[in-house]
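Trainee: Next one to model:
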Amino acid sequence: MQQHFGSASESKSQAPLMLANVNSSIDRADRNFSTLAAARRTGRNPIFFLFNLVSGSLRFIRTFSH
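Mentor: Below is the predicted model:
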């Protein structure tokens with residue numbers, strides 16, 4: 001019982017941090033999408049930017065799997 005309460009308060013204190021992680025991940029995704037659009041406009045290869053987007057998403061998922 002005691003352990004349950006401890007973990008509940010722990011997750012409560014982590015919630016703002018998780019929210020900040022979500023927001024920064026969304027910002028990063030937005031930036032990557034705009035760079036992808038810019039790369040397509042200038043005719044460069046957008047695979048590098050896609051890779052950045054995927055690795056950012058994986059990092060984000062790994063944060064939540066803990």
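
Trainee: Low-confidence ranges, this protein, go.
Mentor: 1-14, 39-46, 66 (pLDDT under 70).

Trainee: if we go to 50?
Mentor: Under the criterion pLDDT under 50, the flagged ranges of the chain are 1-6.

Trainee: the helices in it, which residues?
Mentor: 2-42, 47-65 (DSSP state H).

Trainee: okay if I get these as TSV plus mean neighbour count?
Mentor: Bear in mind the C-beta positions are built from the backbone N, C-alpha and C, glycine included. Below are these laid out as TSV (neighbours: other C-beta atoms under 10 Å):
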stretch	mean neighbour count
helix 2-42	11
helix 47-65	12
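
Trainee: And Phe48, how close does it get to Phe64?
Mentor: 26 Å (C-beta to C-beta, to the nearest Å).

Trainee: Then Ala20?
Mentor: Here Ala20 is placed at a distance of 13 Å from Phe64 (C-beta to C-beta).

Trainee: try Ser24
Mentor: Counting by C-beta to C-beta - Ser24 and Phe64 are separated by 13 Å.

Trainee: list residues touching both of these two?
Mentor: Shared contacts of Ser24 and Phe64 (C-beta atoms under 8 Å, 6 or more residues apart in numbering): none.

Trainee: send the alpha carbons of stretch 48-62 over as CSV?
Mentor: C-alpha atoms of stretch 48-62 as CSV (Å, rounded to 0.1, in the frame of the first residue of the first chain):
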residue,chain,number,x,y,z
PHE,A,48,18.5,13.4,-43.6
PHE,A,49,15.7,15.5,-42.2
LEU,A,50,13.4,12.5,-42.2
PHE,A,51,16.0,10.6,-40.3
ASN,A,52,16.2,13.4,-37.7
LEU,A,53,12.4,13.4,-37.4
VAL,A,54,12.3,9.6,-36.9
SER,A,55,15.2,9.6,-34.3
GLY,A,56,13.4,12.5,-32.5
SER,A,57,10.2,10.4,-32.3
LEU,A,58,12.1,7.4,-31.1
ARG,A,59,13.7,9.4,-28.3
PHE,A,60,10.3,10.8,-27.4
ILE,A,61,8.8,7.2,-27.2
ARG,A,62,11.7,6.0,-25.2
